[in-house]
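> Structure for the following, please:
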Amino acid sequence: MRLDEKLERQMVRILQLLFDGKISDAERAIENLEKRAKGTELNGYATAIKGIFLSYTTDDRTSMLYRIYSSDDPKRELQRYVDAMREAYLSFDDSTSPVVEVWEAVLRNFDRLPVPHKFRPSQ
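As a prediction, the model looks like this:
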């Protein structure tokens, strides 16, 4: 299955909430997505988005999200990670994985996402 427009918009909304520090709202939106996805092809996408949520809310300094946003050029860093994931995955399978598709969607929508509140300069 490919990431459809509706799911991509929903995912972008979840990340906007999360990055704006609206953790409870983002969590509710993920729970709704998980309910809708349970037992369907969407389950892998919900799991990938939940993984981003968990790495952000637990301050996982080894996460891809942390490494991307603590670099000098987050968008370029994200592009490097997405390219590497796509290449690695395609070496095993002709299709792509929900995880890769979610990160590709993050890259496509990068300019629409706020800088995560945890990475904004202190005022």
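
> who does the top helix by length along the chain touch, helix- and strand-wise?
Assignment by DSSP state H gives helix 74-90 as the longest helix of the chain. Packing partners of helix 74-90 (3 or more Cβ pairs under 8 Å, 6 or more residues apart in numbering; DSSP states H and E): helix 64-69, helix 98-108. All C-beta atoms are positioned from the backbone trio N, CA, C, and that covers glycine.

> Got the confidence number for S91?
S91 carries a pLDDT score of 73 in this model.

> Which of the helices and strands packed on helix 74-90 sits closest to I49?
Nearest to I49, of all the helices and strands packed on helix 74-90, is helix 98-108, at 6.1 Å by Cβ to Cβ.

> could you say what helices and strands that closest one packs with?
If you count contacts as 3+ Cβ pairs under 8 Å, 6+ apart, helix 98-108 packs onto helix 5-19, helix 43-57, helix 74-90.
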